[in-house]
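J.: Prediction below, plus the sequence it came from.
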Protein chains: 2
Amino acid sequence: MTFQKRAYKILELLEAFGEVEIRQLSTKIGVSEVTVRRDLTTMAANGLLYRTHGGAMKISEVIKPVSFANKAAVNLKAKDAICRRAAAEIMDSDVIFIDCGSTAFRLCQFIKNKKIKVITNSLPVVNELQHSAVTVNLIGGEVDAARQAVHGTMAQEHIARYHASKAFLGVDGITAEGLYAGSEHEASNTLAMASQSDCVYLLCDSSKIGKTSYLKFNDLSLVNILVTDYNGPEVNEFGVKGISVFSVNA
Amino acid sequence: MTFQKRAYKILELLEAFGEVEIRQLSTKIGVSEVTVRRDLTTMAANGLLYRTHGGAMKISEVIKPVSFANKAAVNLKAKDAICRRAAAEIMDSDVIFIDCGSTAFRLCQFIKNKKIKVITNSLPVVNELQHSAVTVNLIGGEVDAARQAVHGTMAQEHIARYHASKAFLGVDGITAEGLYAGSEHEASNTLAMASQSDCVYLLCDSSKIGKTSYLKFNDLSLVNILVTDYNGPEVNEFGVKGISVFSVNA
DNA sequence: CTGATTATGATTAAATTTGATCGAATTAAA
DNA sequence: TTTAATTCGATCAAATTTAATCATAATCAG
């Protein structure tokens, strides 16, 4: 019994039942559990199935990938506390950047009645602010459906044409060494907004502090003010590096 | 019972009832309350639900999903017939402009499976196409909440940077004398898109034919092809002026 | 036929999952 | 506000699953 034959049988059973167990496969196919486990590992690496403990599942049965609406519900209390504090900094006639993260999105609810101009690449932000006192300028470019945002070179150029008094940005992680992003698109967007702003506010709930992600895109000098619900030892390090820290209670 | 299966079941119950309790889940799934609690914590961290004391809530009740309202169910049958005909003209690998009118919006449903690039200033169009085979390029600029579209000088410049094989545009009125728009914003937008396209399709239901509006912004030479459900005498005049007319039955 | 590469199975240490327990935190009630 | 009842998070232990290592068997090229 070759690997190809076993793979075919496994997929067949998967199609019929939606899920399979290693022990079950071992007896049904007539090979050791070790071999079945190896097969499943390979097939999972090729995206043919989803590995679970003790077995596997059909890809389609697995919960969909994390999208924007999802992450917004994580640490909601902290995010709202952070954004309420940040919103207190915004004055009428300000022009501000808001980036496409789920934290910055929560800022919308607190600024609806302010007479300001918001420049953003986030579709949910546009949706949230479009029937408010706020004037919205939407950054153009390629639409990234997964992130519900606009990215690309056109977006970069668009941002470069504007200037704001304040930018409210999020990151995937922050340490004393620098800022981390989950994708290059987000990173270049964050950089572009920051470079066109007088004052850069970083909105970071405690889960992001001390965390790194796959791309370190800048050191801490990019940020002027960190608004966070975290109050551990790292906060002092940020202070030493020239960042003002606004602490809030979640 | 693996974590994945439990997660699926929890989401199912959440979908049905909107909220769930830990004790209820424990007996219904057949695992300890500790495990349920752990599952909920993990799922909340992934943003799949919103954690409450003693249970969990659907996230959709915490966060509003992104969607752009879309009015104008006027003359729907005619608009759909026009758009079905227009969509037949669109080939894979085309790059097309779609403007912000309610007629052009109806084109979306017929092009979701085409491998094309759509450049638009219409928020409903973006919303409609964002989880389809189509690549969407959103034009940047000031957001006009009333029209659910993007306008302004930045939008003009953005359009000028692109070129499309076809443009699908609407107008407020059309006579033998020319094209009429309801606002200067719409007019300049329509002009910009037309000038950057090889072939300009005008999508016009019968209510617009022979009608004028407050701004005559161009003569008929802007248009290559008129797609309409109207088949009165004016159609001949358009033909004389060099416009091909595609007639459809509503 | 021989040597080398690959696939398989057995063994064991590491990692995961689950449930229990208990002090701390949160909510509800008085 | 204070008190009582739940609920939560952390820690620990037991059971299971996994990954890594090694030895053996099968396959293949020259």
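T.: That came through fine. Numbering: from 1, shown residues only, chains lettered A, B, ... in the order given.

J.: What lies in contact with the helix with the most length in chain A?
T.: If you go by DSSP state H, chain A has its longest helix at helix A:3-17. For helix A:3-17, the surrounding residues in contact (CB atoms under 8 Å, 6 or more residues apart in numbering or on different chains) are A:20, A:25, A:28-29, A:31, A:35-36, A:39-40, A:42-43, A:48-49, A:56-58. Using the backbone N, CA and C atoms, a C-beta is placed for each residue, glycine as well.

J.: ranking the residues you listed by neighbours, who comes first?
T.: residue A:56 (28 neighbours; other CB atoms under 10 Å in any protein chain shown).

J.: Just the buried positions in the longest helix of chain A, please.
T.: A:6-7, A:9-11, A:13-14 (16 or more other CB atoms under 10 Å in any protein chain shown).

J.: same deal with stretch A:192-211?
T.: Quick answer for stretch A:192-211 (16+ other CB under 10 Å): A:192-194, A:196-197, A:199-206, A:208-209.

J.: Establish whether stretch A:149-162 and chain B are in contact.
T.: Yes. Using CB under 8 Å from any CB of the partner chain, stretch A:149-162 comes into contact with chain B via A:150, A:154-155, A:158, A:161.

J.: Using CSV, write out every CA atom in that stretch.
T.: The C-alpha coordinates for stretch A:149-162 follow below in CSV (Å, rounded to 0.1, in the frame of the first residue of the first chain):
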residue,chain,number,x,y,z
ALA,A,149,-8.8,48.2,3.9
VAL,A,150,-7.1,49.9,1.0
HIS,A,151,-3.4,49.3,0.2
GLY,A,152,-0.8,49.5,-2.5
THR,A,153,1.4,52.1,-4.1
MET,A,154,-1.5,54.3,-5.0
ALA,A,155,-2.5,54.4,-1.4
GLN,A,156,1.1,55.4,-0.4
GLU,A,157,1.0,58.2,-2.9
HIS,A,158,-2.3,59.4,-1.7
ILE,A,159,-1.2,59.5,1.9
ALA,A,160,2.0,61.4,0.9
ARG,A,161,-0.2,64.2,-0.6
TYR,A,162,-1.9,64.9,2.8
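
J.: and that stretch, how far out from the chain's middle?
T.: 19 Å (CA atoms, centre = their mean, to the nearest Å).

J.: I'd like the mean pLDDT over that stretch, please.
T.: For stretch A:149-162, the mean per-residue pLDDT is 96.

J.: near DNA strand D, which residues of chain A?
T.: Residues of chain A found near DNA strand D (CB under 7 Å from any atom of the strand) are A:22-23, A:33-34, A:37, A:41, A:51-55.

J.: so residue A:113, which of the three states?
T.: Following DSSP: H, G, I helix; E, B strand; the rest coil, we place residue A:113 in the coil state.

J.: Downstream of the least confident helix or strand in chain A by mean pLDDT, the next helix or strand is which one?
T.: Among the helical and strand segments of chain A, the one scoring lowest on mean pLDDT, DSSP states H and E is helix A:68-72, with a mean of 68. Later in the chain than helix A:68-72, the nearest helix or strand by DSSP states H and E is helix A:76-87.

J.: Which secondary structure elements does that following helix sit against?
T.: If you count contacts as 3 or more CB pairs under 8 Å, 6 or more residues apart in numbering or on different chains; DSSP states H and E, helix A:76-87 packs onto helix A:102-105, helix A:108-111, strand A:197-204, strand A:225-228.

J.: TSV please, covering the buried residues of helix A:3-17 and showing distance to DNA strand C.
T.: Below are these laid out as TSV (distance: CB to the nearest atom of the strand, whole Å):
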residue	distance to DNA strand C
A:6	7
A:7	10
A:9	12
A:10	13
A:11	16
A:13	17
A:14	19
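
J.: Give me the residue ranges of chain A where confidence is low.
T.: Low-confidence segments of chain A, defined by pLDDT under 70, span residues A:64-70, A:250.

J.: Next, the buried residues of stretch A:138-151.
T.: In stretch A:138-151, counting by 16+ other CB under 10 Å, buried: A:138-145, A:147-151.
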